[in-house]
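Novice: Generate a structure from the sequence data that follows.
(2 chains)
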2 protein chains.
Amino acid sequence: QETAARIIADYDFLAIPVIDRKGTLLGIITVDDIIDVLQEEVTEDIHKMVGSSEVYEDKLIKASPLTRAKARLPWLFVCMAGGILSGSVIKLHSDTLQIVMAMAFFIPIIMAMGGNVGAQSSTIAVRGLATGQLRIDELWYNIWTETKVGSLIGIIVGIIIALVALIWQDNYVLGLVIGLSLCLTIITAATIGTLLPLIFTKIKIDPAIAAGPFITTIVDVGSLLIYFSLGTFLFKRFSG
Amino acid sequence: QETAARIIADYDFLAIPVIDRKGTLLGIITVDDIIDVLQEEVTEDIHKMVGSSEVYEDKLIKASPLTRAKARLPWLFVCMAGGILSGSVIKLHSDTLQIVMAMAFFIPIIMAMGGNVGAQSSTIAVRGLATGQLRIDELWYNIWTETKVGSLIGIIVGIIIALVALIWQDNYVLGLVIGLSLCLTIITAATIGTLLPLIFTKIKIDPAIAAGPFITTIVDVGSLLIYFSLGTFLFKRFSG
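Specialist: Residues are numbered from 1 along each chain as shown, chains lettered A, B, ... in the order given. The predicted structure is shown next:
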């Protein structure tokens, strides 16, 4: 069904005849069937991205709360495991946190920015792959471009947040720590957000389903690792 | 263009003639034009959700790093403002955090779960509105159903995380605080995730563009408020 839709959409055919091996006409697939399929398929794609892959939208919207909860829980468990891992990173550095309580105030910014940049990059990559605009053989070139985009965003945002930290908390080292880690986090998030969908496509796993929870988890854990490692290192160096 | 696409898709027409006021035929819009429009439109919808509304995907993938960074920055600034607000909530409760350092270990879980449930709910609502399956006059019914879905997920996830906190940190009050706040956070996220796209549609703002950054910010700030208020209240009560 999806293959027929692709053929009609790509070649601007108005209909495709369906024949069996003997050449007998079984039926005709027309463009208006295709419009329905394409709409359904794209809707399905979007749902895969938020982890409700098993059920179609119309089933989901009219389904019982129990069915809807069941469709959404598996993705949330992956997310929960990632959260526990992220929490462990913070626990590992609780000595530093005990001394510099203000480091906790910037956990939300680090997590929110990393998650958003990762989601932006992976959405662009997943859709680019789906529409055929992004080719697997351009892999390294694409990742390199996305790393450059991430660096630009990271530098701008890093400088702003460093100034915010300086004014808000009046702490030079904290400004340096948060600015530098946010910059590194955004570069990492943009690169991983592009890399994972390409890897998943290469090993023949649908990137729309698989990439989301993995990117969130890797970016969350990675960004907190960067932030707290850098914080522990710099505060020991400048305060001790 | 989008209106013509909707008419053809909804009524299964094969073509629509375009005439001027005098009745002269200007041209014919055929179904294969429509397929292209629908594909482009849906791609655009997805980009709106991650905040790159101004540029089309093909422009975005082939654009310079500077253009790509500029398209993504406005959304990230909204996200940054939300992060600073969330940080202020943590700062407000830094007395409690100083005493119960372990509360910091669960900030990532609270944020990640709230964000994901909110994104799931709003994606279902935005797509349901776009395809016409969700009607504005069913507003209260839809929100009520989504609140039930959120409650189910919240209770299951809340019990699990309370047990994790108990085993990991050996602290009954912390288990109660995190379990209860995660449950409340998920219910809030599911409700707001459904409510905002419906409100935006009603006041004639495209929910795909506007809902995302607002939901993330409201859910982040809201969930940390619930978590730290409940924590401060319960730890004072049971430890003092």
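Novice: so the most centrally placed residue in chain A is in which element?
Specialist: With distances taken as C-alpha atoms, centre = their mean, the residue of chain A nearest its centroid is A:A119 (3.4 Å). A:A119 belongs to helix A:107-131 when assigned by DSSP states H and E.
Novice: For stretch A:128-137, output the C-alpha coordinates as CSV.
Specialist: Taking Å, rounded to 0.1, in the frame of the first residue of the first chain, the C-alpha atoms of stretch A:128-137 are listed here in CSV:
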residue,chain,number,x,y,z
GLY,A,128,14.8,14.3,5.5
LEU,A,129,15.4,10.5,5.3
ALA,A,130,11.6,9.8,4.9
THR,A,131,11.2,12.2,2.0
GLY,A,132,14.5,11.1,0.4
GLN,A,133,16.2,14.5,0.7
LEU,A,134,18.8,13.2,3.0
ARG,A,135,20.8,10.3,1.6
ILE,A,136,22.7,7.8,3.7
ASP,A,137,25.8,8.2,1.6
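Novice: And for A:G23, the neighbour number?
Specialist: A:G23 has 6 neighbours, counted by other C-beta atoms under 10 Å in any protein chain shown. C-betas here are computed from N, CA, C, even on glycine.
Novice: May I have the residues that are in contact with it?
Specialist: Residues near A:G23 by C-beta atoms under 8 Å, 6 or more residues apart in numbering or on different chains: none.
Novice: any idea how far it lies from chain B?
Specialist: Between A:G23 and chain B the computed distance is 27 Å (C-beta to the nearest C-beta, to the nearest Å).
Novice: go on, A:K202?
Specialist: The gap separating A:K202 from chain B is 18 Å, by C-beta to the nearest C-beta.
Novice: Model confidence for that residue, exactly?
Specialist: pLDDT, A:K202: 80.
Novice: Skip the chain neighbours and tell me the closest residue to it.
Specialist: Excluding its sequence neighbours, the residue lying closest to A:K202 (C-beta to C-beta, 6 or more residues apart in numbering or on different chains) is A:I136, at 6.2 Å.
Novice: List the residues that contact that neighbour.
Specialist: Applying C-beta under 8 Å, 6+ apart to A:I136 gives the contacts A:L129, A:L198, A:T201, A:K202.
Novice: Now it. Its backbone dihedrals?
Specialist: Per-residue torsions, A:I136: phi -60, psi -30 (degrees, to the nearest 10).
Novice: how big is the angle separating the helix or strand following the helix holding A:A119 from helix A:107-131?
Specialist: Following helix A:107-131 in sequence order, the next helix or strand is helix A:139-169 (DSSP H and E). Interaxial angle of helix A:139-169 relative to helix A:107-131 (axes from the mean of the first three to the mean of the last three C-alpha atoms, to 10 degrees): 160 degrees.
Novice: Distance from the chain centre to helix A:139-169, please.
Specialist: From the chain centre to the centre of helix A:139-169 is a distance of 17 Å (C-alpha atoms, centre = their mean, to the nearest Å).
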